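Novice: show me how the following folds:
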Amino acid sequence: QSPAMARAQAPFSAAMALLASLLLCSQASAFLSAPQLLKSAVAPHNLKSLSSRAPEAQALHAPRGLRGTEVARSPALGLKMTEKGGRGLSFESEDGSNIAYDFYPAQRPTVVYLPALNQTRHGSKSFALQTWAKRNNQGFLTADYYGCGRSDGEYKDGTITRWMEDTIALLDKVIKGPVILVGAGVGGWVAMHIAVQKPDVVKGIVGIAADPDFTTDIVLPELDDATKDKIAKDGMAEIMWGLNQYTLSQKLIDDAEGMLLLRGGPKSVPIKCPVRLIQGLGDEEIPPNRALKISEVIETEDVIVTYAKYGGHILDDEEDFRRMTTMVAEIAADYYDYDLTSPTSG
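Specialist: Numbering: from 1, shown residues only. The predicted structure is shown next:
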């Protein structure tokens, strides 16, 4: 081969060598990232893996140092910030307190998740609903109660009335449209009151181990005098209820007396939207027949109670999530949003 030909082929050979090097680097990078890619692909389908601790089984409001903890936060959900929504937003209530919430506007009715007692908005049920809502283009909102999580206020000042009013304000000023309320534990109690107050907005309720009136009917009768005295003196106290530890406040107890729902007879609570109740037969905190009492006092006849044979109070395994989202999907499918501004509607 002549020197002239060798010089002519040199750029080509160098280019080929560079290309081969780039290919090798690309393959090596793909090989090294494969486990991470597999983890990302699997994580959204295994909602329990979103947290190393079971968020629904912890008291997440106190002590105050714990309130700043990031609980079960998952970037794998891929819910992007929009012009009107996003994660970690703040809403100013009438008294100037900031209520932390996440909102992802999409198809209506918007699904609103109301957490259980002592829980933040970032529990396993919340993530299950977020994932379902994203996959089905359904709007979703969840918020920390006053005194819980990232919201302002002291937990001892939180009440059923306050949590109901703050949620209604979010419905009126943020969502501005129809909703399906999904309430876990005390969230079911709050949801029922919201449905009474906003019958034209609430299109359905899904209650998960809903426990209206639990303070008066279930917890207080079991407390010893020393614990009751501590609550009265300090404003709140830690109690064991079922398998979990909770903080119970005097203000919550006092307020609850005016928010009781199960004292009336059949159809005494004017809720007319569809109601779906999921209750575990192995519930450690509330009697399983509580769901039947709720269905009795609700006015609507469109009530379905589903019992999970081996379900406890938390109800946070994959099958429980499936039941929950199936019920939400059923209510959403029956809703039709009439656009009265369109000449083709109605």
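Novice: where does pLDDT dip in the stretch 1-150 of the chain?
Specialist: 1-83 (pLDDT under 70).
Novice: please apply the same query to the stretch 201-346 of the chain.
Specialist: Ranges of the stretch 201-346 of the chain meeting pLDDT under 70: 337-346.
Novice: what ranges do the strands span in it?
Specialist: For the stretch 201-346 of the chain, applying DSSP state E, counting those that start in this stretch gives strands covering 202-208, 236-241, 244-249, 275-280, 303-308.
Novice: export stretch 97-108 as CSV, just CAs?
Specialist: This file holds the C-alpha atoms of stretch 97-108, laid out as CSV (Å, rounded to 0.1, in the frame of the first residue of the first chain):
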residue,chain,number,x,y,z
SER,A,97,-53.1,29.1,57.7
ASN,A,98,-51.5,27.3,54.8
ILE,A,99,-52.9,23.9,53.8
ALA,A,100,-50.5,21.7,51.8
TYR,A,101,-51.9,19.7,48.9
ASP,A,102,-51.2,18.0,45.6
PHE,A,103,-53.5,18.6,42.7
TYR,A,104,-53.4,17.1,39.2
PRO,A,105,-56.3,18.4,37.1
ALA,A,106,-57.6,16.2,34.4
GLN,A,107,-60.9,14.5,33.5
ARG,A,108,-63.8,15.1,35.9
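Novice: got a list of contacts for it?
Specialist: Outside stretch 97-108, the residues that touch it by CB atoms under 8 Å, 6 or more residues apart in numbering are 79, 82, 84-93, 121, 130, 133-134, 136-144, 146, 149-153, 166, 170, 174-175, 177-178, 335, 337. Bear in mind the C-beta positions are built from the backbone N, C-alpha and C, glycine included.
Novice: can I get the CA coordinates of stretch 160-167 in PDB?
Specialist: Taking Å, rounded to 0.1, in the frame of the first residue of the first chain, the C-alpha atoms of stretch 160-167 are listed here in PDB:
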ATOM      1  CA  ILE A 160     -63.600  17.100  62.100                       C
ATOM      2  CA  THR A 161     -65.200  20.500  61.500                       C
ATOM      3  CA  ARG A 162     -61.900  22.200  60.600                       C
ATOM      4  CA  TRP A 163     -60.900  19.400  58.300                       C
ATOM      5  CA  MET A 164     -64.300  19.400  56.600                       C
ATOM      6  CA  GLU A 165     -64.200  23.200  56.100                       C
ATOM      7  CA  ASP A 166     -60.700  23.300  54.700                       C
ATOM      8  CA  THR A 167     -61.500  20.500  52.300                       C
END
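Novice: avg pLDDT for that stretch?
Specialist: Stretch 160-167 shows a mean pLDDT of 98.
Novice: ok, residue 229 to residue 223 distance?
Specialist: 10 Å (CB to CB, to the nearest Å).
Novice: those two: which has the busier surroundings?
Specialist: Shown here are residue 229 and residue 223; by other CB atoms under 10 Å, residue 223 has more neighbours (17 against 12).
Novice: from residue 311, how far out is that one?
Specialist: 26 Å.
Novice: looking at the strands of the stretch 201-346 of the chain, which is buried most?
Specialist: The highest average neighbour count among these, using mean count of other CB atoms under 10 Å, belongs to strand 202-208 at a mean of 27.
Novice: so what strands line up beside that strand?
Specialist: strand 179-184 (parallel), strand 275-280 (parallel) (DSSP bridges).
Novice: what's it in contact with?
Specialist: 109, 125, 178-185, 187-188, 191-192, 194-195, 271, 273-278, 291, 294, 315, 320, 324, 327-328, 331-332, 335.
Novice: kindly report the same for stretch 315-332.
Specialist: 47-48, 54, 56, 109, 111, 123-125, 128-129, 132, 136, 138, 180, 182, 184, 203-204, 206, 208-209, 274, 276, 278, 280, 304, 306, 308, 311.
Novice: and what of stretch 291-307?
Specialist: Contacts of stretch 291-307 (CB under 8 Å, 6+ apart): 188, 192, 207, 210, 212, 261-262, 264-281, 288, 323, 327.
Novice: which ones are touching the residue nearest to residue 262 when sequence neighbours are not counted?
Specialist: Closest residue to residue 262 apart from its sequence neighbours, by CB to CB, 6 or more residues apart in numbering: residue 213 at 4.9 Å. By CB under 8 Å, 6+ apart, residue 213 lies in contact with 189, 256, 260, 261, 262, 263.
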